[in-house]
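Trainee: Fold the following.
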Amino acid sequence: MNNTETSKQEGVTPFAHRLLEWYDANARAMPWRVPPHHHAQGVRGDPYHIWLSEVMLQQTQVATVTDYFIKFITLWPSVYDLAASDEEDVLKAWAGLGYYSRARNLKKCADTIIADHDGKFPQDLEALKKLPGIGDYTASAIASIAFDQPVPVVDGNVERVMSRHRRIKNFYPDAKEETKIILADLLDRERPGEFAQATMDLGATLCTPKRPFCTACPVHQDCQAFKHGDAELFPFKKPKPVKPTRKGAAFVVINPNNEILLCKRPDSGLLASMTGVPTTGWNSRQDGSTDTSEAPFEADWNHSGIARHTFTHFHLELTVWKCETDDIEADGWWCPVDLAFDEALPKIMRKTIEIALNV
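Mentor: Residues are numbered from 1 along each chain as shown. From the prediction side, this is the model:
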């Protein structure tokens, strides 16, 4: 440990003092966040808002999440409102954010909080981890930011900051526990939630993956990577495996009333319970047919193009086929074309319909 960092001044490490002084002047404004000066007046973040935002922010950028967050708290202002909602409505509001198990777990978690916790988020870290869809990171973020529990919070931005500051040469995610130990020693126990948010903001705005603004960083004096001039080498990450490309076909049917045939996907597997158009049997492990041999019915199918999307573990290319008819027998329902995008459509289905409609 660096003696300068670990020495305490009125119970606060110099690292935390410099970081929070910077945060007080430069905190990013977010609709779920309490500004530093309000926090100083005793105002704390709403646990419901913090939980909702943290779940949305998994694998998603702040700029994208903001509009979804506002939509959700407008539709469901409290955890009681969310628990009283229909899962289908939650999926519709979530459509486009991806990783749809997060949306289903939001509903399950809200139900559990009402049923088992009298509508209140538990403040204990281990109790938070037992809630549906809440893992170690989200539990730590809620405990720290909503309840000022002195627990280390490690997301990708924090990994980058601390790996550079301490020049951590272990690979992530293996180095996460080492990072937690370092943070537990450095964090401000009077302002742990703001310390966590300050570290995140530092990684998002100054300690960026490429060309970090080291000289503007409030803690660069003790940063080992800055001292060695090799900040961009950190954090060490294990090489990602090459993603395979899977193929399949999608079938867009329009009737004379300008309605589109939609169907609900199976209740398990990728995009479970989501709305879409009929497709062939592709999944993350195998291709489906790309021609019309497995179309839902015989028709004069016309090739419209290729819809492409990248999932966590694979790329997908769907050959889009379109026909115009109402003389069919197929599972699903007819939806006016101008209302189709209000359904719980995942991005790949939105792209498929847009290609077929040439919009």
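Trainee: low-confidence ranges in this structure?
Mentor: Counting by pLDDT under 70, the chain shows low-confidence ranges at 1-11.
Trainee: what about the strands in it?
Mentor: In the chain, the segments counted as strands under DSSP state E are 245-254, 259-264, 275-276, 302-310, 315-324, 333-336.
Trainee: do you know which of the ones you listed lies nearest Ile182?
Mentor: strand 302-310 (33.6 Å; Cβ to Cβ). C-beta coordinates here come from the backbone N, C-alpha and C atoms, glycine included.
Trainee: Relative to that closest one, what are the paired strands and their orientations?
Mentor: strand 315-324 (antiparallel) (DSSP bridges).
Trainee: Compute the distance from the centre of the strand it pairs with to the centre of its chain.
Mentor: The chain centroid and the centroid of strand 315-324 are separated by 27 Å under Cα atoms, centre = their mean, to the nearest Å.
Trainee: neighbouring contacts of it?
Mentor: Residues from elsewhere that reach strand 315-324, judged by Cβ atoms under 8 Å, 6 or more residues apart in numbering: 243-256, 279, 282, 290-292, 295, 299-310, 348, 352, 355-356.
Trainee: Emit the ChimeraX select command for whichever of these are buried.
Mentor: To isolate the buried ones among the contacts of strand 315-324 in ChimeraX, judged by 16 or more other Cβ atoms under 10 Å, type:
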select :246,247,248,249,250,251,252,253,254,255,279,282,290,292,295,299,301,304,305,307,309,348,352,355,356
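Trainee: Near Phe213, how many other residues are there?
Mentor: 11 (other Cβ atoms under 10 Å).
Trainee: That one touches Leu202, doesn't it?
Mentor: No. At 10.0 Å, Phe213 does not count as touching Leu202 under the criterion of Cβ atoms under 8 Å.
Trainee: I'd like the domain boundaries of the chain, if you could list them.
Mentor: The domain map for the chain lists 3-233, 245-357, with the assignment taken from automatic domain parsing.
Trainee: Can you lay out the ones you listed as CSV showing distance to Pro239?
Mentor: Formatted as CSV, the domains of the chain follow (distance: least, Cβ to Cβ, whole Å):
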stretch, distance to Pro239
domain 3-233, 10
domain 245-357, 15
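Trainee: quick revisit: mind checking which of the strands of the chain is nearest Asp174?
Mentor: Shortest distance between Asp174 and the strands of the chain, using Cβ to Cβ, is found for strand 302-310: 25.7 Å.
Trainee: about what we covered before: nearest to Leu82, of the strands of the chain?
Mentor: strand 275-276 (20.2 Å).
Trainee: Check the offset of that closest one from the chain's centre.
Mentor: 21 Å.
Trainee: Check stretch 352-359 too.
Mentor: Distance of stretch 352-359 from its chain centroid, counting by Cα atoms, centre = their mean, is 27 Å.
Trainee: For His49, find the nearest of the strands of the chain.
Mentor: strand 275-276 (27.7 Å).
Trainee: in its sheet, what does that closest one sit against?
Mentor: Per DSSP bridges, strand 275-276 is paired in its sheet with strand 259-264 (antiparallel).
Trainee: tell me which residues in the partner strand are buried?
Mentor: Quick answer for strand 259-264 (16+ other Cβ under 10 Å): 259-262, 264.
Trainee: and what of stretch 213-230?
Mentor: For stretch 213-230, the buried set under the neighbour-count rule, 16+ other Cβ under 10 Å, comprises 217-220, 223-226.
Trainee: Tabulate the residues you listed in a markdown table, adding columns for distance to Val151.
Mentor: Formatted as a markdown table, the buried residues of stretch 213-230 follow (distance: Cβ to Cβ, whole Å):
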| residue | distance to Val151 |
| --- | --- |
| Cys217 | 24 |
| Pro218 | 22 |
| Val219 | 20 |
| His220 | 26 |
| Cys223 | 24 |
| Gln224 | 25 |
| Ala225 | 25 |
| Phe226 | 27 |
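Trainee: Of the strands of the chain, give the one that comes closest to Leu125.
Mentor: Once those are compared by Cβ to Cβ, strand 302-310 is nearest, at 33.7 Å.
Trainee: Contacts for the closest one next, please.
Mentor: Residues from elsewhere that reach strand 302-310, judged by Cβ under 8 Å, 6+ apart: 243, 250, 252, 315-323, 347-348, 351-352, 355-356, 358.
Trainee: What's the local residue count around the closest residue in space to Thr66 that isn't next to it in sequence?
Mentor: Using Cβ to Cβ, 6 or more residues apart in numbering and skipping the chain neighbours, the partner closest in space to Thr66 is Pro31 (6.3 Å). Residues near Pro31, counting by other Cβ under 10 Å, number 12.
Trainee: quick one: Pro31 and Ile70 touch, right?
Mentor: Yes. Using Cβ under 8 Å, Pro31 is in contact with Ile70, at 6.0 Å.
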